[in-house]
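sequence isn't available, so here's the structure alone:
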């Protein structure tokens, strides 16, 4: 039996990391009846209409690695044609619509994401150690209107706070386009393959904290990139429902619980600390996943907090 001091320390770690963006610490889903409105709407604007997701690749990535993320973005709006290819990434993303209806039931807005530009910075133009300000500088290379600009940093790039308290983050930036003020959303996700796969790529690597169990096989055979997709999925959910810091969230605005981070460590039914849930398993590769995507891809995506049921919704 664990000592009382260990239990206290472990509980403190869970509390600390479960509020971080794209956290991979293993906690149970929130089903407390007193948390009926866990995420509160702060009356802010949402992203609307057709929004380009521009990918800004910072550092060295193989074409095959870039394709994993590009196919994921395409999958958000393109369901696999065959019924056997369900559940899909598009079905997972459809959960976000509930937030738009909740914000304005009489006239809900809609959001359609599509793959925009891909910008390569393979020369490490800002070095291999980046600040938050430099992340925003890189994000500004994408379109600054009707866009979500995603900065993806390679495994040999360090970013302030990376692996210490976050795997990625999202925010927004004011921009002047043709004399008019606009605001674009941005996301940063780091490749944790060599830095902290036990933190940002669990369950495809043994966790840093908590119960130790054998790692699962990554669906795209790339622990770093499959971890990036998990983080990116959660951050896209947060960006859609809280793009400018005044949408749906709970807790402090600088480290809020959002649509995906309200369900840390939950990927399928039956999840509990140290166990991601009863995932689907590819009979050929042995890879674990919960969503089918474009071009035959498989992905593992986090649970989305369902505001209509006050529970974490999973695809499987």
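On my side now, so go ahead. Note that the coordinates shown come from a computational prediction; the quantities given were computed from them, not determined experimentally. Numbering: from 1, shown residues only.

what sits against residue 246?
42, 43, 44, 45, 253 (CB atoms under 8 Å, 6 or more residues apart in numbering). (Glycine included, C-beta is placed from N, CA and C.)

what do you get for residue 290?
For residue 290, the contacting residues are 87, 92, 267-268, 277, 279-280, 299-301, 314-316, by CB under 8 Å, 6+ apart.

and the gap between residue 187 and residue 242?
For residue 187, the distance to residue 242 equals 12 Å [CB to CB, to the nearest Å].

residue 99 now?
Counting by CB to CB, the gap from residue 99 to residue 242 is 9 Å.

any shared contact partners between these two?
248, 259.

before we move on, the earlier item: farthest pair within the contacts of residue 246?
45 and 253 (15.2 Å; CB to CB).

quick check: mean pLDDT of the one helix or strand residue 182 maps to?
For residue 182, the host element (DSSP states H and E) is strand 180-190. What strand 180-190 shows for mean pLDDT is 89.

if we can go back for a sec, so can I have TSV of the contacts of residue 246 showing distance to residue 113 and neighbour count?
Shown next, in TSV, are these (distance: CB to CB, whole Å; neighbours: other CB atoms under 10 Å):
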residue	distance to residue 113	neighbour count
42	22	14
43	23	8
44	19	15
45	17	12
253	24	10
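
would residue 141 count as being in a helix?
No. Looking at residue 141 with DSSP: H, G, I helix; E, B strand; the rest coil, it is coil, so not inside a helix.

tell me who's in contact with it.
Applying CB under 8 Å, 6+ apart, the residues near residue 141 are 56, 119, 121, 149.

now the angle between strand 180-190 and the helix or strand hosting the first one, please.
Spelled out, it's residue 56. Residue 56 belongs to strand 49-58 when assigned by DSSP H and E. If you take axes from the mean of the first three to the mean of the last three CA atoms, to 10 degrees, strand 49-58 sits at 50 degrees to strand 180-190.

so what's the gap between the helix or strand that strand 49-58 is followed by and the chain middle?
Later in the chain than strand 49-58, the nearest helix or strand by DSSP H and E is helix 63-75. Distance, stretch centre to chain centre, for helix 63-75: 15 Å (CA atoms, centre = their mean, to the nearest Å).

between helix 63-75 and strand 180-190, how many degrees?
Using the same axes, to 10 degrees: helix 63-75 against strand 180-190 is 130 degrees.

got a list of contacts for helix 63-75?
53, 55, 57, 88-90, 113-115, 118, 152, 220, 222, 225-226, 228-229, 232-233, 291, 293-295, 297, 299.

follow the chain on from that helix and name the next helix or strand.
Counting by DSSP H and E, what follows helix 63-75 is helix 89-93.

please identify the buried residues of stretch 184-200?
Using 16 or more other CB atoms under 10 Å as the burial criterion, the residues of stretch 184-200 that qualify are 184-193, 195-200.

now the end-to-end length of that stretch.
With CA to CA, to the nearest Å as the measure, the first residue of stretch 184-200 is 26 Å from its last.

ok, of the contacts of helix 63-75, which come out buried?
53, 55, 57, 88-90, 113, 115, 118, 152, 220, 222, 225-226, 228-229, 232-233, 291, 293-294, 297, 299.

looking at those residues, which are in helices?
In this view, the buried ones among the contacts of helix 63-75 that belong to helices under DSSP state H are 89, 90, 225, 226, 228, 229, 232, 233.

quick one: buried residues of stretch 91-109?
So for stretch 91-109, counting by 16+ other CB under 10 Å, buried means 92, 93, 95, 96, 98, 99, 100, 102, 103.

same question for stretch 301-310.
301, 302, 303, 304, 305, 306, 307, 310.

correct me if wrong: the fifth one contacts residue 98.
No. Residue 305 sits out of contact with residue 98 when judged by CB atoms under 8 Å, with a separation of 9.7 Å.
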